[in-house]
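Q: No letters, just coordinates:
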C-alpha cells in the first residue's frame, strides 16, 4: 500500500515536472513566434565565497541565476534560483560538502493599470528592503544576511500566493509606493512558504535621495504573530555614498542594522584605479526578550560590526573582503569573508523590434 | 562593548565625512566633472541617453546596483519590465527607462 502511494506521488511529481516543462516550452515558443516579441533574458550572479567564522572556514561556489520572459506588453514571467555547494572541514575526517538548491521566486507580473501590478506565484516576501533588493549576490555589499533578516520574511523569504503592488503617486519630487500580499502554506522543497499576509509602504524623495518606509507582516500558521519594520535609506544622487538601515520587531525579539559605503568615484571617475574601490561598514544588533525558535534571530543579545572593502573590476567582476567581530554572551568571534562575484546578462535570442 | 560602539560610530562618521568632503554638497565648479562621472557610470548602457531616462535609472535602478557593462539593447524590454515591478515605476518613468536603455 505504501509502495503504491509512493509510486503515485512519484508519478504525480513526474507529471507535474512534465507539465511545467511543456508550459515553459509552449510559452517560449509562443513568445518567439509572436511578431516582434521581446526576447527573454538570462541574468544573475555567480561567485565563489569563503567565510571563516570562529576559526571554521567554509568554501561556497554560488549561483543565483535569473530568467525573465516578457509576454505581450503587460505580462512578465520571471524566476530566480539559488544553487550553492558548501565545502567545510570535518576535524579528523578531511573535507565534506553539502549542496543546497531552491527556487527564490517564480512569478507572473501582470500590469493591470498605471498604479497597480498583480503578482501571482512564488515571490520574495515584501518586508523591509533587504529581501527584495539585496539578496542577489552582486547587489549585496556584505555577503551574509543581516541578523534580523528573519523578521517578517516568514522563515523562507518567499511567499506563495498573490500580491498587488505599484505606486500610489509619483512625480519629480516624491513617490509613494506600496505592496500587499497573501501567502498560502507550502512545504515543498523548492517552493517553501508560510501562510501569512502583510504589506509595506514607502515614500521616496528623489531630489534628496531619501526613502522612509514601514512594513507589516502577520504569520497565519499554527501561531499567529505580528512583525513590524521600518527602514531609512539615504543615497544622494550623483555621489558614491549610500546609507541604508532597517529596524525590525518580532513578538520576542527586535534588532537593527545599518550599513554605509562609499564608491570612490570622485577620485578620477568610477573607472579609475581608485574609483573602483568601495569601503564598507555595517553595524547590527539584536535584543532577545524571550526564547523563540521561529523568528530566526540569535538566541541571545548579539552585536556585530563589519568593515569591508570592495574592488569593482572591469567586466562585471567584483572582489569583496571583510572582517567582522560578533559579540555575544556565549563568546565573541571573528568573521572573515572574501568573495569573487561575476554578474551576467544575456538575451536568449535576437529581437525583431 | 562600549569601546566597540564608539569605534563603530567613529567609522560610520568617518565614511560619511569622507563622502561629504569629496563632493556631497555639489559646488557649481564640480558640476562639469560630476556630469562627466555620471555619463561614465552609465556610458556602457547607451551614450545618447535622454535625460529623463537617465534620471529614472539613477533614482531607481542605480540605488541597488550599477549599470551593466555592454548592455545588449535587445534585453532592454525584459530589464525595464523587471524594474517596473521591483521599483514600482510609474508609466512615464517606465517608458523613459525603456527609451534610455534602447533609444
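A: Happy to help now that I have it. Everything numeric here is computed off the predicted structure, so don't read it as measured data.

Q: Give me the distance from the longest strand seen in chain A to the chain's centre.
A: Longest strand in chain A by number of residues (criterion: DSSP state E): strand A:95-113. Distance of strand A:95-113 from the chain centroid (C-alpha atoms, centre = their mean, to the nearest Å) equals 10 Å.

Q: for stretch A:142-156, same thing?
A: Centroid separation for stretch A:142-156 versus its chain: 9 Å, with C-alpha atoms, centre = their mean.

Q: thinking again about what came up before, direction included, what does the longest strand of chain A pair up with?
A: Strand A:95-113 has the following strand partners under DSSP bridges: strand A:75-89 (antiparallel), strand A:116-124 (antiparallel).

Q: What's the first helix or strand after the shortest one?
A: Moving toward the C-terminus from strand A:116-124, the first helix or strand encountered (DSSP states H and E) is helix A:130-133.

Q: What mean pLDDT does that following helix get?
A: Per-residue pLDDT over helix A:130-133 has a mean of 96.

Q: and what of stretch A:211-221?
A: The model assigns stretch A:211-221 a mean pLDDT of 96.

Q: same deal with stretch A:75-94?
A: For stretch A:75-94, mean pLDDT rounds to 92.

Q: List the contacts of it.
A: Applying C-beta atoms under 8 Å, 6 or more residues apart in numbering or on different chains, the external contacts of stretch A:75-94 come out as A:27, A:44, A:56-71, A:95-111, A:136, B:78, B:81-82, B:85. From N, CA and C alone the C-beta is placed, and that goes for glycine too.

Q: cutoff 7 Å now
A: A:27, A:44, A:56-71, A:95-110, B:81-82, B:85 (C-beta atoms under 7 Å, 6 or more residues apart in numbering or on different chains).

Q: filter the residues you listed to the buried ones?
A: For the contacts of stretch A:75-94, a burial check counting by 16 or more other C-beta atoms under 10 Å in any protein chain shown picks out A:44, A:60, A:62-71, A:102-110, B:81-82, B:85.

Q: which stretches of chain B form strands?
A: In chain B, no strands are found when defined by DSSP E.

Q: on that earlier part again, which of the strands paired with strand A:95-113 sits most buried?
A: Counting by mean count of other C-beta atoms under 10 Å in any protein chain shown, strand A:116-124 has the highest mean neighbour count of the strands paired with strand A:95-113, with a mean of 20.

Q: So in chain A, where's the weakest helix or strand by average pLDDT?
A: Ranked by mean pLDDT, DSSP states H and E, the weakest helix or strand in chain A is helix A:2-33, scoring a mean of 47.

Q: what pLDDT does residue 45 get?
A: The chain I'm using is chain A. Per-residue confidence at residue A:45 stands at 94 (pLDDT).

Q: that's the wrong chain, I meant chain B
A: Listed pLDDT for residue B:45 reads 39.

Q: what do you get for residue A:294?
A: Listed pLDDT for residue A:294 reads 82.

Q: Check residue A:282 too.
A: Confidence at residue A:282, expressed as pLDDT, is 98.

Q: a helix runs through it, doesn't it?
A: No - according to DSSP: H, G, I helix; E, B strand; the rest coil, the state of residue A:282 is strand, so it is not within a helix.

Q: Kindly reformat the strands paired with strand A:95-113 as TSV containing distance to residue A:285.
A: Formatted as TSV, the strands paired with strand A:95-113 follow (distance: least, C-beta to C-beta, whole Å):
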stretch	distance to residue A:285
strand A:75-89	27
strand A:116-124	25
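
Q: rewinding a little: distance between the following helix or strand past the least confident helix or strand of chain A and the chain's centre?
A: Per DSSP H and E, the first helix or strand lying C-terminal to helix A:2-33 is strand A:41-53. For strand A:41-53, the separation from the chain centroid amounts to 13 Å (computed by C-alpha atoms, centre = their mean).

Q: ok, strand A:41-53: who's next to it in the sheet?
A: When DSSP bridges is applied, strand A:41-53 pairs with strand A:56-71 (antiparallel), strand A:333-347 (antiparallel).

Q: list the buried ones in that strand?
A: Using 16+ other C-beta under 10 Å as the test for burial, strand A:41-53 gives A:41, A:43, A:44, A:45, A:46, A:47, A:49, A:50, A:51.

Q: Cool, thanks, talk later.
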